[in-house]
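Asker: Curious how this folds, go ahead:
(2 chains)
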Protein chains: 2
Amino acid sequence: MISAKMKPLVENNSVIRQMFEEGKRLAAIYGSENVYDFSLGNPNVPAPETVKESILEILEEEESTFVHGYMSNAGYEDVRGTIADSLNTRFGTSFGANNILMTVGAASGLNVILKTILDPGDEVITFAPYFVEYGNYVRNYDGNLVVIPPNFIDFQPDLAELAKKITARTKAVLINTPNNPTGVVYSEETLKQMAGVLRQKGQELHQNIMLISDEPYRELAYDGVKVPYVTRYYENTVVCYSYSKSLSLPGERIGYLVIPDELKDSEAVFAAATIANRVLGSVNAPSLMQRVIKRCIEKNAAVNLAAYDRNRNLLYEGLKACGFFCVRPQGAFYLFMKSPIADEKEFCSQAEKYRLLLVPGSSFACPGYVRIAYCVSYEQIERSMAAFQSLAKEYGLMGG
Amino acid sequence: MISAKMKPLVENNSVIRQMFEEGKRLAAIYGSENVYDFSLGNPNVPAPETVKESILEILEEEESTFVHGYMSNAGYEDVRGTIADSLNTRFGTSFGANNILMTVGAASGLNVILKTILDPGDEVITFAPYFVEYGNYVRNYDGNLVVIPPNFIDFQPDLAELAKKITARTKAVLINTPNNPTGVVYSEETLKQMAGVLRQKGQELHQNIMLISDEPYRELAYDGVKVPYVTRYYENTVVCYSYSKSLSLPGERIGYLVIPDELKDSEAVFAAATIANRVLGSVNAPSLMQRVIKRCIEKNAAVNLAAYDRNRNLLYEGLKACGFFCVRPQGAFYLFMKSPIADEKEFCSQAEKYRLLLVPGSSFACPGYVRIAYCVSYEQIERSMAAFQSLAKEYGLMGG
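Answerer: Residues are numbered from 1 along each chain as shown, chains lettered A, B, ... in the order given. All right, here's what the predicted structure looks like:
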C-alpha cells in the first residue's frame, strides 16, 4: 500500500524520534531519574507564565468564533502586524503584516517555502552538520539536497565550497543559526561573505538564489552573543521562525515565514506560499496560539534563558573535565561533542549501556561527533555526570 | 521564483477563499449586516462552553512542558485511546490507540494519507460535486484525480460509473459524507454496494483499493438521519476526521486519521503515515487542542446542532418559496441550489449585486448549481430573504 517514495523513510525512520521512544521505554523499566535522555530537542523549561495568562485573557475577552475560527490563510492580520513591528524594533528592518505568513511551526514553514519554489531536480544547498529532516523536506518536492561538508575548525559554513557547489539548478541555500546540532551562531562576517558569494554566483548564472534562514533558536543565545538578522545582509532571504523554543511551545506548532519586499517577486512568492500553506493541509497556523503570540510579544514574554545557560555551563565544564572535546555552544540547547572513536555510532551504543542517550553525528551528516541536547533538568545533567565519567574511563580519557 | 507546479494554483486561486476576502471588503464598505456572505464553511455557532472549561482545567492541572511539549508524532496516546473508545461505543468498532493518528485537521490528514500511498501517476477517484481542494491534495503527490460526474437524481455516488473508472492505477476512492457541497448523506445501501464494487474490481485487478472517507461533517446530521460508519462496510477504509465543525474549532487545526487493523498492511501504513505527518512539517497535531479533545469527549461536548437545523429549515423553505430548486440537506451546513440559468457563474455575479455571496457549483465540478453555506447567523438568513426574492424575480421565478 505504501508509495515508493515513502518506503525509504519508513526503513530509515528518524534516529532521534526512535531514541525518544527508546527513552520512554527505558524510563518505564529503570525509572525516569535513571535514564539520561539527551536525545530530543524538547524544551524542559516551561512556557512563560504569560502564555497561560494570555490564554485566560483571550478566552475572557475574545469571541469563540473569532478565536477558534478560520481567518485568512496567511494568519490574523493584527498578529502578523505585531510580529512585523517587533522585528522592526529589534532588528531595524521595515516589515509589515504583508511580509509575515503564519505557519504550523518552522518545519511547516520550510515545507511551504520549498513547495513554493522547487521544481523537480532543483538543488538546495546546506552545510553539514544539519538538521536531518532538511533532506526529507527537499525531497517532498523532488528537489535534491546538496550538502557541504563540515568545517571542523569552528563549524562556520565553508563558503569556498559554497561557491563551488552553486550550479544552474541551485534554487536556494538553507542555513540554520544558532545551529542545531553545533550551537554555533553564524557571525556577521560569515553572513556578509555568504551574501557576496550568492550575489556573485547569481549574477554569473543569471538567477536569483534564495537564502532560507531556519531560525527556531534565534532567541537562545548566550554570553551576549548577537544573532545577526539575515534579511539585512542578503535581499533574497526568507526567514523561517518558530516559537517552539523561544516560548517553549513545540507541541503547539506555531511559527511564521518572513517574506521581505526586497525578495525577488516578493508579492507573488507571498501569494504562492499562502496557497501552499493551504493546499499542504495546514490551511492556517493554529488560531488560539496565533492570538497568544500577539499578547506574548506585547508583554515581552520570554523563556527562562538562564536555566539553559546554567545547563550549558554545567554540561560543558563537566564533559571537558572528563576529557571529552566539545564545541562550546553559543546558542540553541545542543552541545556537539567529539566521539573518542571514529565510529560514533559505536560510541553511542556504549553510552546507552550507561543509559546515556546521545544522537550520533551521522544523523546530521557529521560522523565522529555526537549531539547532546541539554534542554533537560539541571538535576539530570548532575546525575548523568557519573555515567559520563564511567564512559570517559572506558575510553581512557580519565584515570580509572 | 515560483515552481511550475505552483503557478496554476496561483492563477486559479480558491474561488471560495477569494469570496471570503471579497466578503470582508464589501462588509467594510456596506456594513457587515448588509452583506449576505454564504461563501465559507466557517462555523458561526460558537465552540461548546466545554472547550473553554477544558482549557482552563488543563492549564490548572497539567504541566506546561507536557501540555505544550512534543509527544509521539502520532499524538498523545491517552487522547488517541479516548477517541478510539468513543468511536467503539458509538459505532460498534474495535479500534485502539494504535489505530488513531492525530492530525492538523482533516485537510492535513488527507495530505498525510495521500503522501503515504501515492506514486506518481496513481489515480484517486472521487464523485462530483466534491471539495475543490481534493485535486490539489492529490496533485501534491503527482497523482491524478479522476472525477465521476454528478448523479443529479439524488446526488448519491454513481456506482456504475465507479466500476467503469477503476483501473490498474486506481490507488484510492475518496468520499465525503455528509457531503460538501450537497448536504447529502451516503446511505448504508450506497456504502454496501460501493464496498462490493471495490472488492470485485480489486479482485479482478489483484490490487487493494483504499476507500478514504473524509468526514468533517459526521456529527452534523438532521432529522435523525444516521451517518453509517464506513469502516464497518469495507475493510480497506481510512477515515479522515476533523473537529473543525463538530466542536467549531476550524482555526485550531485538530483532527485524526483512523487506520483500522483490517486495512491491508495496516501497521506499515500507520508507521508511514506517522512519518508523513512529521516530514510534511506538521510534526504533530497541536498539543493543547489534543488534550482539549480528550476532555470534550469525556464530557460529551457538542456544538448546538439545533441552531444549524433552524438555519437549514429557514433557508430551505425560504428559497423554495422563492421558486428555487434546492437539494434538501440531510447533513453538513450547505445547501445546494439549482441555478435558474445554465451558467451559474453568471447567476452568482447577479446575486452579488444584491450582496449575496454564493459559490458557483463549477468550483465543485458541478456547474449549474450554487453552494450556500448556512453556518451564519439566523438573522443573516432572515435579512437575506428580501435579496433572494429580488434575485428570484429577476429570473422570473416569482411574480414582481
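Asker: pLDDT weak spots in the stretch 301-400 of chain A?
Answerer: The model of the stretch 301-400 of chain A has pLDDT under 70 over residues A:400.
Asker: can you pull out the strands in it?
Answerer: For the stretch 301-400 of chain A, applying DSSP state E, counting those that start in this stretch gives strands covering A:326-327, A:334-338, A:356-357, A:359-360, A:369-373.
Asker: what does the stretch 151-300 of chain A give?
Answerer: Ranges of strands in the stretch 151-300 of chain A, per DSSP E, counting those that start in this stretch, are A:170-176, A:210-214, A:237-242, A:255-258.
Asker: Of all the ones you listed, which one comes closest to A:Phe152?
Answerer: Checking the strands of the stretch 151-300 of chain A against A:Phe152 by CB to CB gives strand A:170-176 as the closest, at 17.6 Å. Yep, even glycine has a C-beta here, placed from its N, CA and C like the rest.
Asker: Show residues contacting that closest one.
Answerer: If you take CB atoms under 8 Å, 6 or more residues apart in numbering or on different chains as the criterion, strand A:170-176 is touched by A:110, A:114, A:117-119, A:122-127, A:130-131, A:134, A:143, A:146, A:157, A:162, A:186, A:194, A:198, A:201, A:205, A:207, A:209-215, A:217, A:230.
Asker: Now do that strand and strand A:210-214, the angle between them.
Answerer: Between strand A:170-176 and strand A:210-214, the angle comes out at 20 degrees (axes from the mean of the first three to the mean of the last three CA atoms, to 10 degrees).
Asker: Give me the neighbour count for the closest residue to A:Lys192 other than its chain neighbours.
Answerer: Of all residues not flanking A:Lys192 in the chain, A:Tyr233 sits nearest, at 5.7 Å (CB to CB, 6 or more residues apart in numbering or on different chains). Neighbours of A:Tyr233 under the rule other CB atoms under 10 Å in any protein chain shown: 20.
Asker: I figured A:Tyr233 was touching A:Gln193, is that so?
Answerer: No - the criterion here is CB atoms under 8 Å, and A:Tyr233 misses it with A:Gln193 at 9.4 Å.
Asker: residues touching the residue nearest to A:Lys192, list them.
Answerer: With contact set as CB under 8 Å, 6+ apart, A:Tyr233 has these partners: A:Glu188, A:Leu191, A:Lys192, A:Met194, A:Ala195.
Asker: Now do the nearest residue to the fourth one once chain neighbours are set aside against chain B, distance only.
Answerer: Right, A:Met194. Spatial nearest neighbour of A:Met194, excluding adjacent residues (CB to CB, 6+ apart): A:Leu159 at 5.9 Å. According to CB to the nearest CB, to the nearest Å, A:Leu159 stands 23 Å off from chain B.
Asker: again with A:Asp142
Answerer: For A:Asp142, the distance to chain B equals 8 Å [CB to the nearest CB].
Asker: got the phi/psi numbers for that residue?
Answerer: Here is the backbone geometry of A:Asp142 (degrees, to the nearest 10): phi 60, psi 20.
Asker: So what's the residue count around it?
Answerer: Other residues within reach of A:Asp142 by the criterion other CB under 10 Å amount to 16.
Asker: Also A:Leu356?
Answerer: Other residues near A:Leu356 come to 21 when the count uses other CB under 10 Å.
Asker: A:Arg90 now?
Answerer: Using other CB under 10 Å, A:Arg90 is surrounded by 10 other residues.
Asker: Disregarding residues adjacent in the polypeptide, which is nearest to it?
Answerer: With CB to CB, 6+ apart as the criterion, A:Arg90 has its nearest non-adjacent residue at 7.9 Å, and that residue is A:Tyr229.
Asker: so that neighbour makes contact with A:Ser94?
Answerer: No - in this structure A:Tyr229 lies outside contact range of A:Ser94 using CB under 8 Å: 11.8 Å.
Asker: Thank you, goodbye.
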